[in-house]
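Colleague: Got a predicted structure plus its sequence, pasted below:
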Amino acid sequence: MKQEALGMVRILYILQKKRMSIEQLEQEESSGHSLPIQPIVQKLHQYGYVYLIYYQTDVYVSLTKKGSKLLNKAIKMYV
């Protein structure tokens, strides 16, 4: 559970910079971690922390205001 929470924070941090497709997120995250991206993104979407944007054959993920607030809280907690 703790690893999943850290994975969520990591994904929110990556998305803070720019909107990405799930495929891009998987490539970005695969550089050292082996967390399952799709289930984490689905959970973040369920809780309202990210938007899912369907464009042609890709699904893009973008941070919501609520997700940004959660990320800021998490950063303050860990720093």
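Modeller: Now that the structure is in, tell me what you want to look at. Residues are numbered from 1 along each chain as shown.
Colleague: Tell me the confidence at the closest residue to residue 74 other than its chain neighbours?
Modeller: Among residues not flanking residue 74 along the chain, residue 9 sits closest, at 4.6 Å (C-beta to C-beta, 6 or more residues apart in numbering). The way it works is simple: take the backbone N, C-alpha and C, and place the C-beta from them, glycine included. Listed pLDDT for residue 9 reads 86.
Colleague: Contacts only, for the residue nearest to the spatial centre of the chain.
Modeller: Centroid-nearest residue in the chain, with C-alpha atoms, centre = their mean: residue 11, separated by 3.0 Å. Taking C-beta atoms under 8 Å, 6 or more residues apart in numbering, we find residue 11 in contact with 25, 29, 37, 40-41, 44, 50, 61.
Colleague: how near is it to residue 56?
Modeller: Relative to residue 56, residue 11 is positioned 22 Å away (criterion: C-beta to C-beta, to the nearest Å).
Colleague: again, but for residue 48
Modeller: For residue 48, the distance to residue 56 - C-beta to C-beta - is 25 Å.
Colleague: Residue 20 too?
Modeller: For residue 20 relative to residue 56 (C-beta to C-beta), the value is 15 Å.
Colleague: Thought residue 24 was touching residue 41, still the case?
Modeller: No. Look at residue 41 against residue 24 with C-beta atoms under 8 Å: they stay out of range, at 11.6 Å.
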